[in-house]
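Participant: The following comprises the amino acid sequence and a computationally predicted model.
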Amino acid sequence: MSNEIGKVIKQTFLNLKDKSILATPSEYNREFCQVAKEFQVSVTDCKRFQEFIAQLNDEEQKEVKKRDIQTPEEIIPILLERIAKKNISTLGVMLSNSLAPSISLQLDENLAKFNVKIGDAPALIFEEDIQKEMQAFISKRFEADKAVVKQKTEDIAKLVTLMGKYLKDAISTHANGTENVSGIKEQIKAIDLTRNNPSDLSELQNRLVNAVETIESEMTQVNKNLESGKSHVDNLQDKIKVLESQLEVAQKESATDHLTGLLTRRSYEKEIKRVESDFTRNNKEFAVVFFDIDHFKKVNDTYGHDAGDSILKTFAKILQSQTRETDVLCRYGGEEFVAVVQFKLKRELLGYLKRIKSIVEQNKFVHENKKIHISFSAGVALRNKYKIYEDAVHKADELLYEAKKSGRDKIVIDDGNTI
């Protein structure tokens with residue numbers, strides 16, 4: 001048995017050397033267990049570790065897979081997060097969305113950073129200081145919304161009052177004019193023309209002229225008031241158009257990630273329905289691509305979170321520069337991005353993937369005059385190979401894990417190709 005273990009150890013080191021992977025405890029443990037499996041050697045520690053992983057809940061197992069955890073020590077942070085259990089991420093998203101713009105557009109930079117912080121680490125919502133900060137933001141949001149609603153309500157109330165006044169004036173003028181004309185009509189009927197009394201006719205003429213002049217004057221004033229009212233209405237309509245435009249901007253802002261400017265995961269889920277519909281109706285093929293920045297935690301630990309944010313923003317810009325507006329691109333969470341790319345020929349998709357990889361490989365990311373080299377891994381699933389969209393997403397996620405497991409810095413496609 002010891003001879004077999006010795007062979008496994010030797011082969012493990014050879015494999016790590018061939019793959020140019022540093023023999024860290026995590027990398028060694030993963031390769032060791034893989035080699036032991038290939039040599040059909042039963043190693044208690046490897047077996048126990050897999051049994052332990054199987055006892056975790058679904059969300060924890062996904063996190064183990066995402067972080068590529070290979071040692072028991074690395075699982076400790078995940079177990080410490082059990083206070084929130086599997087619903088913590090959903091709760092974090094809900095709370096973050098509740099702080100997003102609603103009516104007021106006064107979203108300051110502090111709130112944007114706070115939303116990013118909660119999105120990256122939902123477990124923070126159980127900390128007292130974070131809860132106080134959330135309460136303060138929620139109070140500010142309510143007050144800002146109330147102020148906007150009050151202002152717009154006052155504008156509408158002014159319009160209603162103004163139009164009511166002008167309508168009342170018009171009705172009053174019409175009633176007075178009608179009454180005067182009716183009185184004159186009765187006088188005309190009462191005149192006995194056979195008596196041929198010129199003084200009666202002259203008096204009637206004067207009254208008719210006066211009545212007409214009065215009606216003309218009053219109608220002129222009503223017209224002036226209505227013209228003035230129209231001006232007020234036009235101003236209010238302009239304000240309403242501005243408000244509609246501001247609300248449209250607010251909706252767009254709430255649909256995008258504050259750090260990278262890409263779609264949020266929630267907005268992505270809406271957009272993918274459009275692409276899926278196009279695939280179903282018109283057989284327009286697309287690919288689901290999962291991108292993940294390699295060793296991103298190490299970048300944060302070495303250079304700081306500001307450097308990490310800078311890399312996320314720059315990587316997002318690279319993806320944007322190569323992805324068409326008709327395609328879908330979002331920040332899926334943390335350092336993970338998703339692109340849904342439509343294509344006619346597979347070489348178009350391959351060209352897209354190769355361009356992104358080439359840009360990242362040939363350039364270094366700069367933060368505060370420090371040049372930082374990064375790489376990324378990706379998994380790609382072609383939609384037409386699966387019955388439903390969700391199966392394609394699941395496969396792309398599996399291939400991303402495979403890319404990271406096999407040494408990172410590569411793109412694995414479900415047709416067997418690797419870039």
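Facilitator: Noted; the coordinates are in hand.
Participant: which intervals of the stretch 51-200 of the chain have sub-threshold pLDDT?
Facilitator: 73, 80-126, 137-139, 141-200 (pLDDT under 70).
Participant: Try it again at 50.
Facilitator: The stretch 51-200 of the chain contains residues with pLDDT under 50 at 84-86, 101, 103-105, 196.
Participant: which residues are contacting the helix or strand harbouring Val412?
Facilitator: If you go by DSSP states H and E, Val412 is part of strand 411-413. Contacts with strand 411-413, where a contact means Cβ atoms under 8 Å, 6 or more residues apart in numbering, come from 353, 357, 377-380, 382, 399-400, 402-403, 406, 418-419. Where you see a C-beta, it was placed from the backbone N, CA and C, and this is true even at glycine.
Participant: mind listing which of the residues you listed are in helices?
Facilitator: Leu353, Lys357, Leu399, Leu400, Glu402, Ala403 (DSSP state H).
Participant: contacting residues around the residue lying closest to the third one once chain neighbours are set aside?
Facilitator: The shortest distance from Leu399 to any residue that is not its chain neighbour, by Cβ to Cβ, 6 or more residues apart in numbering, is 3.0 Å, and that residue is Gly379. Listed by Cβ under 8 Å, 6+ apart, the contact partners of Gly379 are 289-290, 395-403, 411-412.
Participant: how does it look with 7 Å?
Facilitator: Gly379 makes contacts with Phe290, Ala396, Asp397, Glu398, Leu399, Leu400, Glu402, Ala403, Val412, as judged by Cβ atoms under 7 Å, 6 or more residues apart in numbering.
Participant: Please apply the same query to Ile69.
Facilitator: Ile75.
Participant: does it count as helix, strand or coil?
Facilitator: coil (DSSP: H, G, I helix; E, B strand; the rest coil).
Participant: Let me see the ranges of the helices in this protein.
Facilitator: According to DSSP H, the helices that the chain contains are 2-18, 25-38, 44-54, 58-67, 72-80, 88-98, 109-120, 128-190, 198-254, 265-282, 296-303, 305-322, 346-362, 389-405.
Participant: residues in contact with Thr314?
Facilitator: Phe365.
Participant: please redo it, this time with the cut-off set to 10 Å
Facilitator: Thr260, Val360, Asn363, Phe365, Val366, His367, Ile372, Ile374 (Cβ atoms under 10 Å, 6 or more residues apart in numbering).
Participant: okay, now the nearest residue to the second one once chain neighbours are set aside: neighbour count?
Facilitator: So the one you mean is Val360. Leaving aside its sequence neighbours, Val360 sits nearest to Phe376 (Cβ to Cβ, 6+ apart; 6.1 Å). Residues near Phe376, counting by other Cβ atoms under 10 Å, number 26.
Participant: which residues touch Phe376?
Facilitator: Counting by Cβ under 10 Å, 6+ apart, Phe376 has contacts 291-294, 296, 315, 318-319, 335-337, 356-357, 360-361, 400, 403-404, 408-411.
Participant: swap the cut-off to 7 Å and go again
Facilitator: Phe376 touches Phe291, Asp292, Ile293, Asp294, Val360, counting by Cβ under 7 Å, 6+ apart.
Participant: Over to Phe315?
Facilitator: Contacts of Phe315 (Cβ under 7 Å, 6+ apart): Ile293.
Participant: ok, now with 8 Å
Facilitator: Phe291, Ile293, Phe337, Val360, Phe365, Ile374, Phe376.
Participant: Please apply the same query to Asp257.
Facilitator: Counted by Cβ under 8 Å, 6+ apart, Asp257 has contacts Val116, Leu263, Thr264, Cys330, Arg331.
Participant: Go again with 6 Å.
Facilitator: Thr264, Arg331 (Cβ atoms under 6 Å, 6 or more residues apart in numbering).
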